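1. Got a sequence here, can you model it:
(one chain, ligands or ions: 1)
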Amino acid sequence: MAYADRDPFHNGDTPAFHIREKDLLYDIGLLRSSLSLNWGNYIMGYSVKTNSLPWLLVFLKEQGFYAEVVSREEYELVQKLGFPACHVIYNGPIKDRDVFEAVLLAGGYVNLDSSWELDWMEELSRRFPDRDFGIGLRVNCDIASLCPEEVLAEEEGGRFGYCYENGVLKAAVNRLQSLPNVRVSGLHLHSSTQSRTVDVYGTLARMAVQISREYGLALSYVDMGGGYFGGRDDKPDYRDYFQRICRELDTHFDRRKTVLIAEPGISLISRAVTFETAVLDTKDIRGRKFVVTNGSRVNLNPLVTRHSYPHHMEYASDPSTRPLEPCQWICGATCMEYDRLFEIKNAPRLMPGDRIVYDTAGGYTMCLNPLFIHYFPEVVIEKADGSRFIAREAWTNEEFLQKNHW
Ligand SMILES: Cc1ncc(COP(=O)(O)O)c(C=O)c1O
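-> Numbers count the residues shown, from 1 in each chain. Presented below is the predicted three-dimensional model:
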C-alpha cells in the first residue's frame, strides 16, 4: 500500500491498550501473599469501576477475586460474567434496591452508605423475619485531623459513609442493632487520598479497632477498600500496607473470626497496562514543534485531572542519528486545542512511525473513555505464553449506532 493510501489514524496496531498477563499475575501474587502472610483470613475484591473490561473481570474471577460493584449495571455485568451474588461486595451511595436485596439474600457483602438504606434494612428485616442479616457500614472519619500530613482527595474531606465524629455512625449502628435479625458485621474504611501513605491505612485500621471497641461490635469483616499504590517501584506496595494494617487489627480482632477484605483497583492493574500510540505527523508552527499522535488525552485522562503521563518512546529508527529538538509538544488525535499531553525538551526529533507507549495506563482510563470523535480503541492481551488475544475490538459505527433510531 502506498504511504498516502494508508489509514493515517490506525497506524499499524495503534492506538490500542495492551494488558500483559505476566505483570497482572505478579501484582495479584503480591496482593495474595501480603494478605495471606499478614492475616491469613482474607477476601480479595476488585473494584469493577476501575476497569470493567469483561476479559479482565473474568480473569480476576478465575484468580479468586470477588467483584466490588457500585451500580445496578456493574452488578448485572458481573452476574453475566459468572460471579455468584455471594461473591459480590456492594458499595456506593446510590444503590439499587433490588440489587441491595439480592446481594444480601444471597449472602454477599453490602456496605451501607446512605440514609435511606437504613429504612431498606428495617423493611427487609420485617419481610424476612426468619433470616439473619449481617450488614456493613462505611465509616467516614476525619482523616485531615487524624493524619495532618495526608494530601486528601478533596480539600473538604470525604463525603461517603456515616460520620463518626458527629454521632451519625453511632446512630446508624444503634438503629440496625435494634432490629431482631440484623447484626452490624462489618466496617468499610476505603481511603482515596492523593498521597496514599501507609500511615493513613494504619490510622484507618486503628479506627476500625476503636469503633469496634467503643460500640461493642463483634465484626465478621473489616473492609479496607482500595486506594493503594501499586505497580511503581518508588512507592509503597501491598506488602507495606497490609503489614501496617494487620499490626493494628491484631491489637483487637481475632484473625479466625474477622475476615480482612481488600478491594483494590488501580494498584492491581497499573503495571500490566500500556496504551500504545503512534506519531502521525509533525508540524512546525512559529518556532514550535507539534507532534500529532493517534492517542489522546481523552483515552488516558478523560477527567483532565492529570499533569503527567508516564511513558516511553519506541523509535522507528536509531534516535542517536536524529537532530535534537529543544522542545516538542505531544498532541492527541481529537480536534481540541487542549488535547496536548506533554512537552519533551532536548530530545531526538520524533517522526511519523515512532511509537509513544504510555505506562501504568489501566485504571480509570479505558472504561472512562468518551465516545468523542473516535470510538473505543482495541484492547490486546499479551498472554503469559507469549501469544496475543484481542479482548475488545475497536469500536466502529456498528457499535455506535446500536439502539439508535432515526
Ligand atoms: C469503595 C471503593 N473501593 C475501591 C476503590 C478502588 O480504588 P483504587 O482504584 O484507588 O484502588 C474505590 C475507588 O474509588 C472505591 O470507591
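2. Can you give the distance of the lowest-mean-pLDDT helix or strand in the chain from its chain's centre?
-> Lowest by mean pLDDT, DSSP states H and E among the helices and strands of the chain is helix 143-146, with a mean of 85. In terms of C-alpha atoms, centre = their mean, to the nearest Å, the centre of helix 143-146 is found 24 Å from the chain centre.
3. can you list the domains in this protein?
-> Domain segmentation of the chain under automatic domain parsing yields 8-17+272-400, 39-267.
4. now what about the least confident helix or strand of the chain, what contacts it?
-> Contacts to helix 143-146, defined as C-beta atoms under 8 Å, 6 or more residues apart in numbering, come from residues Glu150, Leu152, Gly157, Gly158, Ser191, Thr193, Val200, Thr203, Leu204, Met207. C-beta coordinates here come from the backbone N, C-alpha and C atoms, glycine included.
5. switch the cut-off to 7 Å
-> By C-beta atoms under 7 Å, 6 or more residues apart in numbering, the surrounding residues in contact with helix 143-146 are Glu150, Leu152, Gly157, Gly158, Ser191, Thr193, Val200, Thr203.
6. Adding distance to the ligand, write the domains of the chain out as TSV.
-> Compiled in TSV, the domains of the chain are given as follows (distance: least, C-beta to the nearest ligand atom, whole Å):
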stretch	distance to the ligand
domain 8-17+272-400	5
domain 39-267	3
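7. Quick one: those domains as TSV, columns for mean neighbour count too.
-> Below are those laid out as TSV (neighbours: other C-beta atoms under 10 Å):
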stretch	mean neighbour count
domain 8-17+272-400	16
domain 39-267	18
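8. For this protein, give me the ranges with low pLDDT.
-> The chain contains residues with pLDDT under 70 at 1-6.
9. again, only this time at 90
-> For the chain, applying pLDDT under 90 flags the ranges 1-12, 142-159, 191-195, 231-233, 287, 302-308, 366-368.
10. Pull the contacting residues for the closest residue to Asp339 other than its chain neighbours.
-> Leaving aside its sequence neighbours, Asp339 sits nearest to Gly332 (C-beta to C-beta, 6 or more residues apart in numbering; 3.6 Å). Gly332 sits next to Thr293, Gly295, Ser296, Arg297, Asp339, Leu341 when contact means C-beta under 7 Å, 6+ apart.
11. quick one: which of the contacts of helix 143-146 sit in helices?
-> Val200, Thr203 (DSSP state H).
12. in which helix or strand would I find Ile79?
-> No Ile there; residue 79 is Gln. According to DSSP states H and E, Gln79 maps onto helix 72-80.
13. so where do the helices sit in the protein?
-> 21-38, 54-62, 72-80, 97-106, 116-127, 143-146, 168-177, 198-215, 238-249, 266-269, 297-300, 397-400.
14. Quick one: closest of these to Gly186.
-> Ranking those by their distance to Gly186 (criterion: C-beta to C-beta) puts helix 198-215 first, at 9.6 Å.
15. Where is the longest strand in this structure?
-> In the chain, assigned by DSSP state E, the strand with the most residues is strand 273-285.
16. Check which strands are paired with that strand and give the direction for each one.
-> Here strand 273-285 has these sheet partners by DSSP bridges: strand 16-20 (antiparallel), strand 288-293 (antiparallel), strand 355-358 (antiparallel).
17. what sits up against it?
-> The contact list for strand 273-285 (C-beta under 7 Å, 6+ apart) reads 8, 11-12, 14-19, 289-295, 299-300, 350-359, 361-362.
18. now could you export just the CA positions of stretch 271-282 as PDB?
-> Extracted in PDB, the C-alpha atoms of stretch 271-282 (Å, rounded to 0.1, in the frame of the first residue of the first chain):
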ATOM      1  CA  ARG A 271       1.800  -2.200  36.000                       C
ATOM      2  CA  ALA A 272       0.100  -4.500  33.400                       C
ATOM      3  CA  VAL A 273      -1.500  -2.000  31.200                       C
ATOM      4  CA  THR A 274       0.000   0.300  28.500                       C
ATOM      5  CA  PHE A 275      -1.600   2.500  25.900                       C
ATOM      6  CA  GLU A 276       0.300   2.200  22.600                       C
ATOM      7  CA  THR A 277       0.100   5.100  20.200                       C
ATOM      8  CA  ALA A 278       2.000   6.300  17.100                       C
ATOM      9  CA  VAL A 279       3.300   9.500  15.800                       C
ATOM     10  CA  LEU A 280       1.300  10.500  12.700                       C
ATOM     11  CA  ASP A 281       2.700  13.900  11.800                       C
ATOM     12  CA  THR A 282       5.000  16.700  13.000                       C
END
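19. No further queries at this time; thank you.
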